[in-house]
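**Student:** predicted model and sequence below, questions to follow.
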Amino acid sequence: MFEALADRLEGAWKKLRGQDKISQSNIQDALREVRRALLEADVNLQVVKDFVTEVETKALGAEVIAGVRPDQQFIKIVHDELVQVMGEENVPLAQADHSPTVVLMAGLQGTGKTTATAKLALHLRKLERSCLMVATDVYRPAAIDQLITLGKQIDVPVFELGSDADPVEIARQGVERAKAEGVDTVIIDTAGRLQIDQDMMAELAQIKKTVQPDETLLVVDSMTGQEAANLTRTFHEKIGITGAILTKLDGDSRGGAALSVRHISGAPIKFVGVGEKVEALQPFYPDRMASRILGMGDVLTLVEKAQEEIDLADAEKMQEKILSANFDFTDFLKQMRLLKNMGSLGGIIKLIPGMNKLTDDQLKHGETQLKRCEAMINSMTRQERQNPDLLASSPSRRRRIANGAGYKETDVSKLVSDFQRMRNMMQQMGQGQFAGMPGMFGG
Ligand code: GDP
């Protein structure tokens with residue numbers, strides 16, 4: 001899927017290759033390609049306009065980074081914007097603090113709503129959340145049977161009152177049953193029509209009012225392209241949705257729907273359906289989807305490389321700071337957090353030649369020391385972080401920090417003197433006078 005979009009985007013940044021920086025004039029072709037690519041992928045026109053404007057603003061405002069070509073930088077901006085539009089992070093299904101959590105499924109007929117109901121129930125069961133599925137589609141008796149069959153397959157009970165009962169009443173009683181039986185989550189499958197229809201909307205609104213769901217999920221067929229935008233808008237205005245499930249992403253879909261749904265409703269896509277089987281449900285990850293939209297292989301590697309180089313440029317700035325002794329506690333904290341993001345300190349240190357002989361105890365000790373430092377730095381004011389010398393001359397500041405972090409004043413004194421020693425050492429390194437590195441924060 002998404003091949004068309006990826007190809008068009010590739011054309012877009014090829015035009016930027018060979019330029020030395022992004023400018024108002026050289027970016028226009030690339031932007032036009034992005035625009036055309038998105039329109040061809042059936043992204044809604046308004047969504048495309050907003051997207052392209054945002055990319056343009058960001059691209060023109062982007063700082064030039066040494067070593068990163070404009071086309072790489074442009075890809076990264078498009079990639080990041082795609083991620084942003086689609087919602088940055090995966091948002092899991094709601095879990096109410098009362099039971100049951102009520103999930104209402106909404107959507108047109110044939111989008112995969114009933115299948116998604118069972119997929120979701122199986123997903124929750126795997127998380128050890130018990131489920132009850134409720135069949136309210138009385139207009140299509142086959143829909144009730146379909147849910148019962150799926151329920152048997154995944155060993156999840158189905159509540160139904162046949163096809164003569166009132167859907168609102170079925171939903172109400174279904175939730176009552178779940179409550180009485182202490183079920184964790186009740187998922188209500190509702191009737192869909194081939195097109196948006198007043199009666200369907202009114203019934204859905206009535207069910208919603210009656211069961212007060214914690215989650216109202218719009219099931220969107222990713223093959224519907226442009227239509228997905230109108231559908232999302234109508235359901236969101238009339239019913240109010242809290243999330244969406246994008247189905248049939250395993251097929252030949254053009255991916256435009258993924259972009260439109262979030263932009264229009266503000267509600268996150270929570271899952272994607274990737275096949276007809278009940279197991280074929282995956283959490284939605286915006287960054288993965290953005291990478292898919294941009295295409296795999298070469299292009300993705302390029303984005304990663306651009307990312308790496310951008311991080312490197314940041315690291316270079318940091319190095320300059322260190323060597324010129326402008327390094328302060330804020331920088332120190334930033335470095336510590338970077339280390340933490342990369343995994344345990346022990347794991348990293350062991351990769352450094354000559355350091356792999358440290359015992360686990362020594363490494364653990366180092367990690368504890370770092371945590372202490374972080375707690376103390378967190379208790380400092382901005383001014384103190386930027387000017388560590390302030391602390392050397394003020395016992396009352398050191399006491400305040402010690403109290404805030406839950407340590408002794410002597411601990412803070414030691415941090416400050418260690419820090420100053422380190423900074424001097426770094427400065428000497430910068431001037432080529434460095435001879436040997438005494439133990440840092442040895443405790
Ligand atoms: P409903 O009318 O919205 O309840 O739709 P159904 O759940 O009955 O699904 C309609 C058709 O789409 C069925 O043939 C499903 O097997 C198929 N379907 C549902 N989800 C997916 C999916 O993620 N991928 C594929 N390939 N087919 C799906």
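**Tutor:** Structure received.

**Student:** all contacts plus neighbour counts: C-alpha atoms, from now on.
**Tutor:** Fine.

**Student:** which of the three states applies to the most centrally placed residue in the chain?
**Tutor:** For the chain, residue 89 is the residue whose C-alpha lies nearest the centre (Cα atoms, centre = their mean; 1.2 Å). With DSSP: H, G, I helix; E, B strand; the rest coil as the basis, residue 89 sits in coil.

**Student:** one more: the one 5 residues further on?
**Tutor:** Three-state call for residue 94 (three-state DSSP): coil.

**Student:** from what I can see it touches residue 215, true?
**Tutor:** Yes - with contact defined as Cα atoms under 8 Å, residue 94 and residue 215 form a contacting pair (6.4 Å).

**Student:** and the pLDDT at the residue nearest to the centre of the chain?
**Tutor:** Confidence per residue is given as pLDDT, and for residue 89 that number is 82.

**Student:** report the buried residues of stretch 145-159.
**Tutor:** Applying a neighbour-count criterion of 16 or more other Cα atoms under 10 Å, the buried positions in stretch 145-159 are 147-148, 150-151, 156-159.

**Student:** how far off centre is it?
**Tutor:** Offset of stretch 145-159 from its chain centre (Cα atoms, centre = their mean, to the nearest Å): 32 Å.

**Student:** near the ligand at all, it?
**Tutor:** No - with Cα under 6 Å from any ligand atom as the measure, stretch 145-159 is seen stopping short of the ligand, the closest distance being 7.6 Å.

**Student:** CA atoms of that stretch as CSV?
**Tutor:** As requested, the backbone C-alpha atoms of stretch 145-159 are provided in CSV (Å, rounded to 0.1, in the frame of the first residue of the first chain):
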residue,chain,number,x,y,z
ASP,A,145,-25.3,-14.6,13.7
GLN,A,146,-22.0,-13.3,12.5
LEU,A,147,-21.2,-11.9,15.9
ILE,A,148,-22.3,-15.1,17.6
THR,A,149,-20.1,-17.2,15.3
LEU,A,150,-17.1,-14.9,15.9
GLY,A,151,-17.8,-15.0,19.7
LYS,A,152,-17.6,-18.8,19.7
GLN,A,153,-14.4,-18.6,17.7
ILE,A,154,-12.7,-16.4,20.3
ASP,A,155,-14.5,-17.7,23.3
VAL,A,156,-16.2,-14.3,24.2
PRO,A,157,-19.9,-14.3,25.1
VAL,A,158,-22.4,-12.3,23.0
PHE,A,159,-25.5,-10.6,24.4
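
**Student:** pLDDT (mean, whole number) over that stretch?
**Tutor:** Average pLDDT, stretch 145-159: 97.

**Student:** in TSV: the buried residues of stretch 145-159, plus secondary structure.
**Tutor:** Conversion of the buried residues of stretch 145-159 to TSV gives the following (three-state DSSP):
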residue	secondary structure
147	helix
148	helix
150	helix
151	helix
156	coil
157	coil
158	strand
159	strand
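
**Student:** got TSV for the residues you listed, with distance to residue 412 too?
**Tutor:** Written out in TSV, the entries for the buried residues of stretch 145-159 read as follows (distance: Cα to Cα, whole Å):
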residue	distance to residue 412
147	64
148	66
150	63
151	61
156	58
157	60
158	62
159	63
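
**Student:** where's the residue nearest to the centre of the chain relative to the ligand, distance?
**Tutor:** Here the distance between residue 89 and the ligand works out to 21 Å (Cα to the nearest ligand atom, to the nearest Å).

**Student:** can you check residue 88 too?
**Tutor:** Computed with Cα to the nearest ligand atom, the distance linking residue 88 and the ligand is 22 Å.

**Student:** would you confirm that that residue contacts residue 286?
**Tutor:** Yes - when contacts are counted by Cα under 8 Å, residue 88 is listed as touching residue 286 (5.8 Å).

**Student:** between the two, which has more neighbouring residues?
**Tutor:** The residue with more neighbours, out of residue 88 and residue 286 and counting by other Cα atoms under 10 Å, is residue 286; that gives 25 against 15.

**Student:** show me where the stretch 151-300 of the chain has its strands.
**Tutor:** When assigned using DSSP state E, counting those that start in this stretch, the strands of the stretch 151-300 of the chain occupy the ranges 158-159, 185-189, 215-221, 243-247, 269-273, 281-283.

**Student:** dump the ones you listed to TSV, plus distance to residue 39.
**Tutor:** TSV is the format used below for the strands of the stretch 151-300 of the chain (distance: least, Cα to Cα, whole Å):
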stretch	distance to residue 39
strand 158-159	42
strand 185-189	33
strand 215-221	18
strand 243-247	19
strand 269-273	20
strand 281-283	26
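
**Student:** kindly report the residues of the protein close to the ligand.
**Tutor:** If contacts are counted using Cα under 6 Å from any ligand atom, the residues of the chain sitting beside the ligand are 108-115, 247-248, 250-251, 273-276.

**Student:** ok, those residues vs residue 196, which is closest?
**Tutor:** Taking Cα to Cα as the measure, residue 196 lies nearest residue 108 of the residues of the chain next to the ligand, at 7.2 Å.

**Student:** if we can go back for a sec, more neighbours: residue 94 and residue 215, which one.
**Tutor:** residue 215 (22 against 15).

**Student:** bridging residues for that one?
**Tutor:** Counting by DSSP bridges, residue 215 is bridged to residue 103.

**Student:** wait, it touches residue 242, no?
**Tutor:** Yes - the criterion here is Cα under 8 Å, and residue 215 meets it with residue 242 at 5.7 Å.

**Student:** could you list the low-pLDDT ranges of the stretch 51-200 of the chain?
**Tutor:** In the predicted model, the stretch 51-200 of the chain carries pLDDT under 70 at residues 64-68.

**Student:** ranges for the helices of it?
**Tutor:** For the stretch 51-200 of the chain, the helices defined by DSSP state H, counting those that start in this stretch occupy 70-86, 113-126, 141-154, 167-180, 198-211.

**Student:** buried ones among the residues of the chain next to the ligand?
**Tutor:** Buried positions within the residues of the chain next to the ligand, assessed by neighbour count (16+ other Cα under 10 Å), are 108-109, 111-115, 247-248, 273-274.

**Student:** which parts of the stretch 201-350 of the chain are helices?
**Tutor:** Taking DSSP H, counting those that start in this stretch as the criterion, the stretch 201-350 of the chain contains helices spanning 226-238, 256-265, 286-294, 297-323, 329-341, 345-349.

**Student:** distance from the chain centre to the helix or strand just after the last one, please.
**Tutor:** Secondary structure here is assigned by DSSP states H and E; on that basis, the next helix or strand after helix 345-349 toward the C-terminus is helix 360-378. Centroid displacement of helix 360-378 relative to its chain, using Cα atoms, centre = their mean, is 29 Å.
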